[in-house]
Structures are given as structure tokens and as C-alpha cells.
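S.K.: have a look at this prediction, sequence included:
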Amino acid sequence: MKRVLFLCTGNSCRSQMAEGWLRHLAGESFAAFSAGTHPAGQNPLAARVMAEAGVDISGQASKGVEVYAGQAFDWVITVCDQARESCPVFPGACQQLHWSFADPAAVSGSEAEKLPVFRRVRDQIRRRIEQFLEEERR
């Protein structure tokens with residue numbers, strides 16, 4: 001089983017969604033994990049928009065990157081620019097990738113104004129995970 005660690009700053013939205021999508025789309029061929037350089041707890045809107053798409057991430061927890069220190073991963077994928085800058089090299093990673101997604105938690109306004117942004121980022125992450133899986137199957 002190939003192991004993938006998704007990193008972002010807060011491990012509240014983007015990396016949580018990426019972990020959920022990989023688990024949902026890849027089945028048993030990948031083990032997905034996520035962490036943050038400064039974990040902030042899972043954003044409830046991330047869990048909500050993932051549930052709308054049929055993926056339950058409510059059982060996932062926000063964790064610090066140190067939880068995975070010393071573990072081996074086939075890929076470490078940063079999903080925000082800040083995580084890439086603060087964690088440029090992850091020991092134990094065979095390959096490192098960077099996928100830049102906007103932070104939906106940074107959007108201000110009402111929940112009704114935030115939800116479309118969360119949905120857009122959710123869908124962008126899904127497409128990128130699908131592309132990643134297609135590339136790995138070749």
C-alpha cells in the first residue's frame with residue numbers, strides 16, 4: 001500500500017479534504033494521512049462540503065506534522081504555499097509534490113458566502129487527486 005501525507009498550515013481544510021478524497025477515490029491501494037505545520041482543528045465547513053459530495057471526513061482529526069516524524073511516505077504533498085515554505089523537505093518522503101489551493105477558511109463573510117468557496121476548493125482538490133491517481137496507474 002502506498003502512503004501519502006498531505007500537508008498544509010492548519011490541517012483544517014485543504015489537507016483534510018485531500019486526505020478524504022484520496023481515501024474515497026483510491027480504495028485500498030493508498031493510505032492517506034494529513035497534518036499541519038500549525039494545526040488549528042478541522043473546519044466544520046470542510047466536513048460539511050465533503051459530506052455533500054458523499055465523503056465523510058468528520059472522523060479525521062487535525063494533527064501536527066511532528067506526529068509523522070520518522071515515518072516513511074511514498075509522497076508528501078503540500079497543498080498550500082505556506083506549508084511548502086515552512087516544510088520544504090520532509091525526511092522519509094520518496095517524492096514531494098506541491099499543489100497550491102486557495103485557503104477557503106481565509107474567506108470572510110457569512111456561511112452562505114463561504115460555502116461556494118469551500119465547494120470550489122473541494123472540487124479542485126478532487127480533480128487533482130483524480131489526476132494524481134491516473135498518473136500513478138500508468
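M.R.: Alright, I've got the coordinates. Keep in mind it's a predicted model, so treat the numbers as computed, not measured. Numbering: from 1, shown residues only.
S.K.: how about the secondary structure of the most centrally placed residue in the chain?
M.R.: Of all residues in the chain, the one closest to the mean position by Cα atoms, centre = their mean is S15, 1.9 Å from it. Reducing the assignment to helix, strand or coil with DSSP: H, G, I helix; E, B strand; the rest coil, the entry for S15 is helix.
S.K.: distance between the longest helix along the chain and the chain's centre?
M.R.: Under DSSP state H, the helix in the chain containing the largest number of residues is helix 111-137. Shown here is helix 111-137, whose average C-alpha point lies 10 Å from the average C-alpha point of the whole chain (Cα atoms, centre = their mean, to the nearest Å).
S.K.: and it, average pLDDT?
M.R.: Per-residue pLDDT values over helix 111-137 give a mean of 96.
S.K.: would you mind pulling up the elements that that helix packs against?
M.R.: Here helix 111-137 is seen to pack against helix 14-26, helix 44-52 when contacts are counted using 3 or more Cβ pairs under 8 Å, 6 or more residues apart in numbering; DSSP states H and E. For every residue, glycine as well, the C-beta is placed using N, CA and C.
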